[in-house]
Each structure stands twice: as structure tokens, then as C-alpha cells.
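Undergrad: got a predicted structure plus its sequence, pasted below:
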Amino acid sequence: MINQNYLVIHPEVLEALQTNKPVVALESTIISHGMPYPKNVETALSVEAAVRKEGAVPATIAIKEGKCYVGLSQDEIEFFGNEKNVWKVSLRDMPYVLVQKLPGATTVAATMRIAAMCGIKIFATGGIGGVHRGGETNMDISADLTEMSQTNVAVISAGVKSILDIGLTLEYLETKGIPVITFGQNEFPSFYSRVSGFTSPLRIDHAHHIAALLKTKWDMELKGSVLIANPIPEELEVDPVTIETYIQMALTEASKHQISGKEVTPFLLKYIANHSKGESLEANIALIHHNAKLAAKIAVAYYS
Ligand code: PSU
Ligand code: MN
């Protein structure tokens, strides 16, 4: 049993959990390290509103003052969006950031784990971490993937960004026994684009069918996550050739500056956002809403 002293669950979230109402977890690395201020704060707040509109309770997760916060106030979201010294917290950073009482924004891996500690089953984000290009030699494989192999929280994302090796990421997900479902199409999407060149392992067209799959998986004690890839709406897609140009430039720049470890993903994301200007940022914001809505629909179906 987890020591409850480390968890601060927002009263609204706690009430929902105790009465079996749908809750959707949201991560904070997106806010602190994924987008510029003040768009990040506006997005975090409007994503919460989108979850509510679908009839679920949002729970944005972050760490501060030695505790994991599940459900943030508007002021707290503002803090994580504007404060400069916020840690990017994946699993390995959690005990350090907690004991040092540092402010920490949680990645997919850390958010999932904290969500699971509270009994939250559904989690929406933009893109998950995965196997980086060159992962077969540099071993840069996100802890998001290993976490997904063991924690019973479904993740709704817009697929996998092509800063990663999408083929290797899908192989890794298969090895770890993680079902990968694309919502409403046969091809696995690549965040900014509806296509990736890879066929999705599974396709489901209705939120309630996804909810039924989750129930079956966990009823069978098949532990771990399910990745639900929600393709970006057509009108928001960014041309994959343009994105690839920025990715190549970002990778060259990252190796020139010897960027490594946990800095790699934020560096690449920031570089691409800066160079593609508004287009990728607007797409990014819109697809998080899109994912949050689908996550809320799945959560509503799961608890009905
Ligand atoms: N990929 C994105 N956007 C993001 C991230 C990844 O397209 O914001 C963030 C998420 O918080 C994810 C983390 O969990 O980066 C993965 O970091 P790493 O690759 O260092 O494991
Ligand atoms: Mn990494």
C-alpha cells in the first residue's frame, strides 16, 4: 500500500474516484517543457475544460513541496507554466525531486504511475516518448515504454512523433505486450500527420469499444497500458516533408551541442517548434484537445 502522505488528491478528483465517476489524468511536462508561456497555460486550462465538457473530471498531475499533486488549481497550472526551474520528472527522478521538495513536471511515465496510485485508468497526452532514432545502438528508449508495460493506465496520444524511430517504437510496444489501437483508421499516425508509413496493429472506431477492450484486458489481469493513437484532424495536419526537414536540422544541432539523456526530447521539440513557427504549435494545441476529448469519451464509457 502506498503511503498516502505523498499524494495530494484534489477534492473534486477524490470525490469522482470514490463514486466511480470518469477521471482523465493529464501530464505536466507538456506544460513546463513542451510549449512556450503563456500558450502552455491557456492550453492546460482549456484541455481541462474540454474533458469536463465530455462529462469527465480532469486531473493534471505534477510534483511540488514533496508531494504528488493529482488535480491542480488554476494558480498551480500558472506556476508550472511560467516557473523556470521546473524539473522534467520521469520515474528515476521522482524520489529525488520529492525529497528535495523541488517543483517537478511529470512525463508520461511518471504521470501514469501517479495516476495508477490513485486508481485513475485513463490518461490523455500529446505524444509519448519512444525509441529514438539510432536506438538500436544508443539505447535511448523512453521510460514511457517500460512504464506502459507494467502500469494499468490507458494512454491516448496522437501517435508517436517522427523525432523517434516509429518502426522501432512499435516493435518495442509489441515486445512489451502493449496493445496499440488507432482510432478510426488503419494507419498508425505520427503526431503532426495522420500517416506514418506503418499499419496500426489494431483499429477501433468507437470509444465504447475501446473501453470494453480495456475492461477485458485488466479483468484478465493482463497488466500494462494500451496505447490509443488518435490521428490529428485533417485540417490541422502539418506537411511531413516540412517536419522531416526540421527534424533533421534539430538532430544535427543536438549532436553538435552533445545533447544527451533527458534533454534530448525537450531540445528536439523546442527546436522544431521554434523553426516551424506557429504552425506546429497550433497543431500541437489542437491535437491535445482532440485527444483529451477522446480520452474523456472513453472514460465515460468505461464507467457507465
Ligand atoms: N513527445 C512529444 N511531446 C512531449 C513529450 C514527448 O511529442 O511533450 C514529453 C512527454 O512528457 C514524454 C516525454 O513523456 O517527453 C518523454 O521524454 P523522454 O523521451 O526523455 O523519455
Ligand atoms: Mn531518452
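TA: Thanks, I have it. Ligands and ions are numbered 1, 2, ... in the order given.
Undergrad: number of nearby residues for Ser90?
TA: A count of nearby residues for Ser90, using other Cβ atoms under 10 Å, gives 23. Quick note: C-beta positions are derived from backbone N, CA and C, even for glycine.
Undergrad: ok, Pro201 next?
TA: 16.
Undergrad: which regions of the chain sit below the pLDDT cut-off?
TA: Within the chain, the set of residues satisfying pLDDT under 70 comprises 1.
Undergrad: same thing but 90
TA: Along the chain, segments meeting pLDDT under 90 span 1-4, 162, 240, 269-270, 273-281.
Undergrad: could you pull out the helices in it for me?
TA: 11-18, 29-33, 39-53, 74-82, 94-99, 108-118, 135-138, 143-148, 166-175, 207-219, 240-256, 264-275, 278-302 (DSSP state H).
Undergrad: including mean neighbour count and distance to ligand 1, could these go into JSON lines?
TA: Shown next, in JSON lines, are the helices of the chain (neighbours: other Cβ atoms under 10 Å; distance: least, Cβ to the nearest ligand atom, whole Å):
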{"stretch": "helix 11-18", "mean neighbour count": "16", "distance to ligand 1": "20"}
{"stretch": "helix 29-33", "mean neighbour count": "26", "distance to ligand 1": "3"}
{"stretch": "helix 39-53", "mean neighbour count": "19", "distance to ligand 1": "10"}
{"stretch": "helix 74-82", "mean neighbour count": "18", "distance to ligand 1": "13"}
{"stretch": "helix 94-99", "mean neighbour count": "15", "distance to ligand 1": "13"}
{"stretch": "helix 108-118", "mean neighbour count": "25", "distance to ligand 1": "3"}
{"stretch": "helix 135-138", "mean neighbour count": "12", "distance to ligand 1": "11"}
{"stretch": "helix 143-148", "mean neighbour count": "22", "distance to ligand 1": "5"}
{"stretch": "helix 166-175", "mean neighbour count": "18", "distance to ligand 1": "11"}
{"stretch": "helix 207-219", "mean neighbour count": "17", "distance to ligand 1": "20"}
{"stretch": "helix 240-256", "mean neighbour count": "15", "distance to ligand 1": "12"}
{"stretch": "helix 264-275", "mean neighbour count": "19", "distance to ligand 1": "4"}
{"stretch": "helix 278-302", "mean neighbour count": "22", "distance to ligand 1": "8"}
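Undergrad: contacts only, for Tyr192.
TA: Residues in contact with Tyr192, defined by Cβ atoms under 8 Å, 6 or more residues apart in numbering, are Lys161, Ser162, Ile232, Glu237, Val238, Pro240, Ile243, Ser280, Ala283.
Undergrad: ok, and the closest non-adjacent residue to it?
TA: Nearest residue to Tyr192, sequence neighbours excluded (Cβ to Cβ, 6 or more residues apart in numbering): Val238, at 4.1 Å.
Undergrad: and that neighbour, what is it in contact with?
TA: Tyr192, Ser193, Ser276, Glu279, Ser280, Ala283.
Undergrad: nearest to Ala59, out of the helices of the chain?
TA: For Ala59, the closest of the helices of the chain is helix 11-18, at 4.6 Å, according to Cβ to Cβ.
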